[in-house]
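Visitor: Prediction below, plus the sequence it came from.
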Amino acid sequence: MNRIAVALLALLISSCGETENKKKDFEYKRTQQEEKKTAVETDKAPIDLSNKGIGPIDSVDFGALDDALVATGAEAFKQKCTACHYPNRKLIGPAMSGIYERRSPEWVMNMLLNPTQMLKEDPIAIALLKEYNNIQMLNQNLSQEEARAIAEYLRTL
């Protein structure tokens, strides 16, 4: 009987240690996940409507929506942008819906026209590059007219 009591006591003690180790391991993993989450959240690009970006566009005056320009921009977007951007969800790049709630029209057009320099020098473009796994936006060699048409189309998303 004495041996059984000792064996049960040993089993009880060893199982308590496992529970304590599991608890410590769980707490460590949870802390690590929270730290990763915080690090990822800080990589998100800031919202800055005053940033005009780097490039030839200093000012964009959006008046009434121009339906012909929207149609031209929709076609250009379909041909040159949909490989990386969807209107309402992230793909390789950010979703375009509501872009003017996050970026100025000048910034958007300068990014369309001058992505290489923007990704090197503009703080928002650099943050977006980090947020999207360092996948660079390719220069589509758009004219200012094409960029303006795409900018007009983006107003409708």
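Guide: It's in.
Visitor: Helix or strand next in line after the helix or strand of the chain with the lowest mean pLDDT, which one?
Guide: For the chain, counting by mean pLDDT, DSSP states H and E, helix 2-42 ranks last in confidence among helices and strands (a mean of 55). Downstream of helix 2-42, the first helix or strand assigned by DSSP states H and E is helix 67-80.
Visitor: so what does that following helix touch, helix or strand wise?
Guide: helix 144-154 (3 or more CB pairs under 8 Å, 6 or more residues apart in numbering; DSSP states H and E). For glycine as for every other residue, the C-beta is placed from the backbone atoms N, C-alpha and C.
Visitor: Backbone dihedrals for the spatially most central residue of the chain, both of them.
Guide: By CA atoms, centre = their mean, the chain has its centre lying nearest to residue 131, at 4.6 Å. The phi and psi values for residue 131, taken as degrees, to the nearest 10, are phi -60, psi -30.
Visitor: Does it touch residue 90 like I think?
Guide: No. Residue 131 sits out of contact with residue 90 when judged by CB atoms under 8 Å, with a separation of 9.5 Å.
Visitor: Low-confidence ranges, this structure, go.
Guide: 1-43 (pLDDT under 70).
Visitor: any idea how it splits into domains?
Guide: Using automatic domain parsing, the domain parsing of the chain gives 1-42, 67-154.
Visitor: which SS state does residue 86 fall under?
Guide: When classified by DSSP: H, G, I helix; E, B strand; the rest coil, residue 86 comes out as coil.
Visitor: Please look at it and residue 95 and confirm they touch.
Guide: Yes. Counting by CB under 8 Å, residue 95 is a contact partner of residue 86 at 6.1 Å.
Visitor: My understanding was that residue 93 contacts residue 135; is that so?
Guide: Yes. Checked against CB under 8 Å, the pair residue 93 and residue 135 is within contact range at 7.4 Å.
Visitor: Comparing the two, which residue is more hemmed in?
Guide: residue 93 (17 against 12; other CB atoms under 10 Å).
Visitor: ok, for the more buried one, nearest residue in space, not its chain neighbours?
Guide: Ranked by CB to CB, 6 or more residues apart in numbering and with sequence neighbours excluded, the top spatial neighbour of residue 93 is residue 84, at 4.4 Å.
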